[in-house]
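# The sequence isn't on hand, but the structure is:
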């Protein structure tokens, strides 16, 4: 890594006071969420049985561009924010690129990822509305760890359904949740109807975010004074993550540069949207030409190879119908180690933006993601989460294009988390035990055909 | 945890320009290191075959209170320093203590611990003197991870001997070192005479820092252009760690308070000395009355139950003879999970200070350390390293005394690292699989008798 280090820092006073709601500025608004029975557009009150009321209102708010961050939430943000913006001189030098590469370092949070930004907000609103118990799903365990921290901070009881493959691959994220006092169950489990149904059909099913969501929603709706919370996909989650981009905007001003490209890894869209939307605002309102690139795993390519249609957010079909790019809610992703990216669909805002050409997507093979992660570790000194490795790989691809063209472009990506709890994955990569997964067009088409037209 | 959060932050410009060398201010200087053959006091040049020259000079420097930090080292410190000082309101509230508890958060470094402070400095001096290869030992793996990062930063090849029990208990710290490009071997190994000897005598020996040090020194002295580096015990390592206390001193000024007690966990003494010595300076020079408390594991109690005598720093007897509190260089510590504290002796400075009553020591049982760690995690949101749990347990003991007496004392402790890579240990604790280890006075006396009087 280079000895020449540059971090651009902001004090805690500069933590944003408002989240940015891009829905208000979008020319083509996201299409409405539909009630799965009536097929009618949802109103916030339709979501109250599942989510805290304020979160339900944020979810469907297409009017207010700025949503005030409660002071109690900002106080907990001060435990780790503002996070650093870093010029990746070491990586640039190693690549020999004329590009200027910056990353926003969300790995410095006490649980090691950006997930805390929304976990704190969701736990706060639940607590404020008198909720005592919350449920959630977690893939890699980053969201579950973050929510365990936030639930403890606000004195809420938390039950987590953790995707079985991650529960087994990443036992230490489970221990983190338990150390914070959460109850953790591997999903699919026999504790819910959704879990029983899929285990009956596929006894060895390794789980997916879609199934875990079904289980968590079912527990929330059948437990008194309990709400469900989600770590990505939904618009209110992405809203909370805009603190990342809003800080990065100020920090890019400190550098004297403005990003030509903004890159994030992509599972449901919250860290990608979090870093992108505050910059995309300038594209929409002022005609800036920044490119926004979502980096998804090649084995779960909803943005690059999925279909835009109404689909469920979960495997069992408990959620509203969402207008989104999807591989089908029954899609069973390959067992890649970036557990947080193993999700069949994309959030409704991001889906609309992709449809309208306001952003792009690229798919990254598993081996390429870890190669990029190791290069980043050795040049920048931070071992990235397997999810974040996808953003790094995409940034390296763009930096290499600049090397060929000789263009001195400014690349900004989000380092959504560190990989210190994912060393089992690196261990397997270094031992040559990881593979890529191929997915034929027929597989994708067949799967979508199975779910058919839901509206 | 409390929603009321307070971090005291310093900008990177405020990273100290000098390390503090307490040897210069000590009334009773540490007794000399002795050559094991001649029993004569060592001069710096006697250490040149093992250590970089500048590090050898720092080791024996009893004259200069302030040693300038090279600009290249400060540049890399900027990757993560200054680290936060945090008022632990959440912990205070949970304990119901009138004490004010502060901690210095060294866990925010990219490898998760304070070890980087000296790793960067040692790698820098080696590189500057034309060294190409370095060796070291590591217990829990925190030092090895830090040095792997630093070696890569300065383009040095690194070979690490990792204590076998940690190699097996903490495989992911091994993967971290390998991801940074280091070569890692479990110790004792068959690659050195020291390793072969102990494996011949005790085929199932689980290793100790003492043995791993012997192996690393042997490899360094038999490899061209290669130097040995150490993560604790030695005076130059503790010197580099004084950045912790020097920053904390400025940050305590920001709080308007001054510590009545400074607490650190204790393996060889570097994190304890690092946070303590800059404050102890005011005791020595200005008559301040701050108490300094080293928290060691009850199963490895060199400070509370060891003997002050000349002893070797390693198991095979390759090091100089050090005047120190020791359990005997042949002491085999119990397999506690705080691998970084499993060392038979204390650094020479700390040993002299303890002998002179300038500091105190307390021993902590393994179960008490994890209980304290879980309480800290749930109240402050950071899962502490098993080593750091000892400092937390000692701080809690003192805070509880304040509760009884009603005294509003100011307690400062060093959070030397986070435990995110030690979740296997928490997992075992939460499952009830951890135990305390008893050690009789006879065991200790027998062991010391075996090594006898070495001078």
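The structure has been received and is ready for your questions. Since we're looking at a predicted model, the values are computed, not measured.

# Next, the contact list for residue A:305, please.
Contact analysis of residue A:305 by Cβ atoms under 8 Å, 6 or more residues apart in numbering or on different chains lists A:327, A:363, A:439, A:441, A:444. (Glycine included, C-beta is placed from N, CA and C.)

# looking at this, the last one is in a helix?
The reference is to residue A:444. Yes - counting by DSSP: H, G, I helix; E, B strand; the rest coil, residue A:444 is part of a helix.

# how much space between it and chain B?
33 Å (Cβ to the nearest Cβ, to the nearest Å).

# And the helix or strand hosting residue A:73, what's buried?
Using DSSP states H and E, residue A:73 sits in helix A:71-77. Of all the residues in helix A:71-77, those buried under the rule 16 or more other Cβ atoms under 10 Å in any protein chain shown are A:72-77.

# what does stretch A:283-301 give?
A:283, A:290-301.

# doesn't residue A:211 make contact with residue A:332?
No - look at residue A:332 against residue A:211 with Cβ atoms under 8 Å: they stay out of range, at 9.0 Å.

# where do the contact lists of those two overlap?
Residues touching both residue A:332 and residue A:211 (Cβ under 8 Å, 6+ apart): residue A:205.

# per-residue pLDDT, the residue nearest to residue A:188 when sequence neighbours are not counted?
Distances taken as Cβ to Cβ, 6 or more residues apart in numbering or on different chains place residue A:195 nearest to residue A:188, at 4.1 Å, with adjacent residues excluded. pLDDT for residue A:195: 96.

# ditto for residue A:169
Note on residue A:169: pLDDT of 75.

# give me the number of residues near it?
A total of 19 residues lie near residue A:169 under the criterion other Cβ atoms under 10 Å in any protein chain shown.

# check contacts around whichever residue of the stretch 51-200 of chain A sits closest to chain B.
Using Cβ to the nearest Cβ, the closest approach of the stretch 51-200 of chain A to chain B is made by residue A:172 at 3.3 Å. Listed by Cβ under 8 Å, 6+ apart, the contact set of residue A:172 reads A:421, B:172, B:420, B:423-424, B:427.

# So which of these sit within helices?
B:172, B:423-424, B:427 (DSSP state H).

# I'd like to know how many residues surround the closest residue to residue A:242 other than its chain neighbours.
Of all residues not flanking residue A:242 in the chain, residue A:20 sits nearest, at 4.3 Å (Cβ to Cβ, 6+ apart). Taking other Cβ under 10 Å as the criterion, the count of residues near residue A:20 is 25.

# if I read this right, residue A:20 contacts residue A:244, doesn't it?
No - at 10.5 Å, residue A:20 does not count as touching residue A:244 under the criterion of Cβ under 8 Å.

# Could I get the full set of strands for the stretch 1-150 of chain A?
Assigned by DSSP state E, counting those that start in this stretch, the strands in the stretch 1-150 of chain A fall at A:6-8, A:18-20, A:66-68, A:85-87, A:100-105, A:133-138.

# Residue A:392: which of those is closest?
For the strands of the stretch 1-150 of chain A, the distance to residue A:392 is smallest for strand A:100-105, at 8.1 Å, taking Cβ to Cβ.

# List the strands paired with that closest one, with their directions.
When pairing is defined by DSSP bridges, strand A:100-105 lines up against strand A:85-87 (antiparallel), strand A:410-415 (parallel).

# one step back: check the strands of the stretch 1-150 of chain A for me and report the most buried one.
Highest mean neighbour count among the strands of the stretch 1-150 of chain A (mean count of other Cβ atoms under 10 Å in any protein chain shown): strand A:133-138, with a mean of 27.

# What lies in contact with it?
A:122-123, A:126, A:143-145, A:147, A:151, A:156-163, A:166, A:173, A:177, A:187, A:209, A:212-213, A:215-217, A:219-220, A:223-231.

# ok, residue A:403 touching residue A:101?
No - in this structure residue A:403 lies outside contact range of residue A:101 using Cβ under 8 Å: 11.7 Å.

# Could you check stretch A:188-204 and say which residues are buried?
Using 16+ other Cβ under 10 Å as the test for burial, stretch A:188-204 gives A:188-189, A:192, A:194-195, A:198-199.

# Can you get me the start-to-end distance on it?
10 Å (Cα to Cα, to the nearest Å).

# same question, stretch A:28-48
Using Cα to Cα, the end-to-end distance of stretch A:28-48 comes out at 26 Å.

# quick one: average confidence on it?
On average, stretch A:28-48 scores 95.

# how about the nearest residue to the residue nearest the centre of chain A, chain neighbours excluded?
Most central in chain A under Cα atoms, centre = their mean is residue A:270, positioned 3.9 Å from the mean C-alpha point. Leaving aside its sequence neighbours, residue A:270 sits nearest to residue A:232 (Cβ to Cβ, 6+ apart; 4.1 Å).

# and the one you found, how many neighbours does it have?
The number of residues packed near residue A:232 is 26, by other Cβ under 10 Å.

# how near is residue A:24 to residue A:16?
According to Cβ to Cβ, to the nearest Å, residue A:24 stands 16 Å off from residue A:16.

# May I see the buried residues of stretch A:26-40?
Residues of stretch A:26-40 classed as buried: A:26, A:30-34, A:36 (neighbour count, 16+ other Cβ under 10 Å).

# Below-threshold pLDDT in chain A: ranges please.
Low-confidence segments of chain A (pLDDT under 70): A:1-4.

# I'd like the distance between residue A:67 and residue A:80.
Taken as Cβ to Cβ, the span from residue A:67 to residue A:80 is 21 Å.

# Same question for residue A:195.
For residue A:195, the distance to residue A:80 - Cβ to Cβ - is 34 Å.

# Quickly name whichever of the ones in helices among the contacts of residue A:172 is closest to residue B:57.
Distances from residue B:57 to the ones in helices among the contacts of residue A:172, taken by Cβ to Cβ, are shortest for residue B:172, at 36.7 Å.

# roughly how far apart are the closest one and residue B:425?
With Cβ to Cβ as the criterion, residue B:172 and residue B:425 are 12 Å apart.

# Using TSV, lay out the strands of the stretch 1-150 of chain A together with distance to residue B:106.
TSV is the format used below for the strands of the stretch 1-150 of chain A (distance: least, Cβ to Cβ, whole Å):
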stretch	distance to residue B:106
strand A:6-8	17
strand A:18-20	32
strand A:66-68	35
strand A:85-87	20
strand A:100-105	17
strand A:133-138	28
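
# closest one to residue B:50 among those strands?
With Cβ to Cβ as the criterion, residue B:50 lies closest to strand A:6-8 of the strands of the stretch 1-150 of chain A, at 35.2 Å.

# List the pairing partners of the closest one within its sheet, with orientation.
When DSSP bridges is applied, strand A:6-8 pairs with strand A:85-87 (antiparallel).

# starting at the chain centroid, how far to the strand it pairs with?
Its chain's average C-alpha position is 21 Å from that of strand A:85-87, according to Cα atoms, centre = their mean, to the nearest Å.

# Repeat that for stretch A:66-77.
Relative to where its chain is centred, stretch A:66-77 has its mean C-alpha point 20 Å off (Cα atoms, centre = their mean).

# So is that stretch next to chain B?
Yes - using Cβ under 8 Å from any Cβ of the partner chain, stretch A:66-77 reaches chain B at A:72, A:75-76.

# So what touches that stretch?
Applying Cβ under 8 Å, 6+ apart, the contact partners of stretch A:66-77 are A:12, A:15-21, A:58, A:61, A:117, A:120-121, A:124, A:128, A:150, A:153, A:239, A:243, B:3-5.

# In helices, which of those residues appear?
Restricting the contacts of stretch A:66-77 to those inside helices, with DSSP H as the criterion, leaves A:58, A:117, A:120-121, A:124, A:128, A:150, A:153, A:239, A:243.

# burial count for the residue nearest to residue A:451 when sequence neighbours are not counted?
Nearest residue to residue A:451, sequence neighbours excluded (Cβ to Cβ, 6+ apart): residue A:328, at 4.6 Å. Other residues near residue A:328 come to 25 when the count uses other Cβ under 10 Å.
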